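> Need coordinates for the following:
(one chain, ligands or ions: 1)
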Amino acid sequence: MIIVEDLHKEFVKLGKPKFGIGMRKAEKVKAVNGVSFTAQDGAILGLLGANGAGKTTSLRMVASMLKMDSGSIKIDGVEVKEGQTTTQAHLGILSDARGLYPRLTSRENIQYYGKLHGMDKAKIEQRIDQLAHWLEIQKLLDRRTEGFSQGERMKIALARALIHDPKNIILDEPTNGLDVVATRALREFLRWLRSPEGGGKCIVFSTHIMQEVERLCDTVVIVAQGRTVAKGSVAELMQQAQESDFEDAFVKLAFLDKSSMLDHRHHSTLNQGSVA
Ligand SMILES: Nc1ncnc2c1ncn2[C@@H]1O[C@H](COP(=O)(O)OP(=O)(O)OP(=O)(O)O)[C@@H](O)[C@H]1O
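Modelled structure (predicted):
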């Protein structure tokens with residue numbers, strides 16, 4: 001179970017000096033400005049938000065990859081603190097950047113993580129066999145990961161994240177770059193992990209894809225401009241927004257304040273992005 005309360009994070013970066021000369025001014029970016037949610041065991045929670053809403057930053061703090069400015073995160077009752085590894089044992093992390101070592105085989109990539117988690121060799125091999133069966137990656141195990149397709153990389157990164165059989169799993173934009181077949185396979189696997197047979201895992205994933213959330217999530221947390229602005233099941237959110245279409249409900253809830261939508265559109269245009 002993951003409990004996140006009132007997370008805040010601001011980045012400070014040095015901007016460009018005016019006309020290319022003089023002092024570089026510090027620019028502050030409030031990436032997360034009050035994100036809260038509770039993710040239960042045996043359930044899938046989706047963090048849904050437009051580009052730049054603060055989803056990745058929030059998940060990086062849950063994974064203790066980034067220090068929070070304020071707030072509280074508890075994983076299975078243990079408080080997440082900077083540089084602390086206790087909670088890592090309870091957590092499997094699939095980050096957006098899959099980060100596989102290209103010169104190592106899939107097996108070696110997965111083994112390495114098993115060792116980092118203090119598992120013995122026999123246990124690692126036993127678990128790799130299990131994961132290879134579930135994820136259908138037997139043929140990939142002894143190939144170097146260099147040149148792997150997006151779907152293959154995702155599967156190996158997922159096996160690596162699950163090597164120590166964590167109770168809680170967080171996935172940042174897990175279907176990024178996947179085709180429809182791979183997306184469906186991943187969805188099926190996540191449903192299985194949520195079920196009692198799959199271990200009744202607590203699963204949190206971030207996305208900006210509506211259908212993903214509608215098909216998979218027990219709870220949806222809408223994040224806009226760094227804040228949790230609404231939460232509930234898909235049906236509850238549609239009722240809350242009084243909309244019969246989930247995309248309409250999302251837009252209404254995420255951009256209640258019209259000026260924030262204009263701000264976002266402006267920001268997205270500048271970044272060649274789009275409203276989710
Ligand atoms: N290391 C950083 N330095 C400066 N600003 C950052 C940094 N990381 C994130 N940000 C800013 O914080 C805000 C939130 O970013 P974040 O990546 O968390 O959003 P997101 O919801 O995951 O977006 P996307 O769906 O586009 O991945 C953005 O404005 C982003 O530019």
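> Let's check: the centremost residue of this protein is which one?
The residue lying closest to the centre of the chain (CA atoms, centre = their mean) is D172, at 2.4 Å.
> distance of it from K25?
31 Å (CB to CB, to the nearest Å). For glycine as for every other residue, the C-beta is placed from the backbone atoms N, C-alpha and C.
> count of neighbours near T207?
Neighbourhood size, T207 [other CB atoms under 10 Å]: 23.
> Tell me the spacing between it and A241.
Per CB to CB, T207 is found 18 Å from A241.
> can you check E214 too?
Per CB to CB, E214 is found 14 Å from A241.
> the more surrounded of these two?
Higher neighbour count among E214 and A241: A241, with 20 against 15, using other CB under 10 Å.
> Okay, the more buried one and F250: tell me how far apart.
Taking CB to CB, one finds A241 at 8 Å from F250.
> the strands in this protein, which residues?
2-14, 26-39, 43-48, 70-75, 78-79, 91-94, 168-172, 202-207, 219-224, 227-232 (DSSP state E).
> interface residues of the stretch 51-200 of the chain facing the ligand?
Neighbours of the ligand within the stretch 51-200 of the chain, by CB under 6 Å from any ligand atom: 51-57.
> hmm, 8 Å instead?
51-60, 96, 172-173 (CB under 8 Å from any ligand atom).
> Just the buried ones from these?
With burial judged by 16 or more other CB atoms under 10 Å, the buried subset of those is 52-60, 96, 172-173.
> could I get the residues you listed as a markdown table with pLDDT and distance to V35?
Shown next, in a markdown table, are those (pLDDT from 0 to 100; distance: CB to CB, whole Å):
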| residue | pLDDT | distance to V35 |
| --- | --- | --- |
| G52 | 91 | 14 |
| A53 | 94 | 9 |
| G54 | 95 | 6 |
| K55 | 94 | 9 |
| T56 | 94 | 12 |
| T57 | 95 | 9 |
| S58 | 96 | 5 |
| L59 | 95 | 10 |
| R60 | 93 | 12 |
| D96 | 70 | 17 |
| D172 | 93 | 14 |
| E173 | 91 | 16 |
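> ok, which stretches of the stretch 1-150 of the chain are helices?
Assigned by DSSP state H, counting those that start in this stretch, the stretch 1-150 of the chain shows helices spanning 55-62, 106-116, 121-135, 150-161.
> pLDDT below threshold where in this structure?
The model of the chain has pLDDT under 70 over residues 17-23, 82-86, 97-98, 257-276.
> cutoff 80 now
By pLDDT under 80, the low-scoring segments of the chain are 14-25, 81-88, 96-98, 256-276.
> Report the buried residues of stretch 225-244.
Within stretch 225-244, the residues scored as buried using 16+ other CB under 10 Å are 225-231, 234, 237-238, 241, 243.
> and it, how far apart are its ends?
Chord length of stretch 225-244, first to last residue, is 24 Å (CA to CA, to the nearest Å).
> How about stretch 95-106?
Taking CA to CA, stretch 95-106 runs 17 Å from one end to the other.
> Find out how far that stretch is from the centre of the chain, if you would.
Relative to the centre of its chain, stretch 95-106 is centred 17 Å away, using CA atoms, centre = their mean, to the nearest Å.
> now stretch 151-167
Taking the mean of its C-alpha atoms, stretch 151-167 sits 13 Å from the chain's own mean (CA atoms, centre = their mean).
> same thing with stretch 148-156?
Centre-to-centre, stretch 148-156 and its host chain are 17 Å apart (CA atoms, centre = their mean).
> Also stretch 34-43?
What separates the centre of stretch 34-43 from the centre of its chain is 12 Å, taken as CA atoms, centre = their mean.
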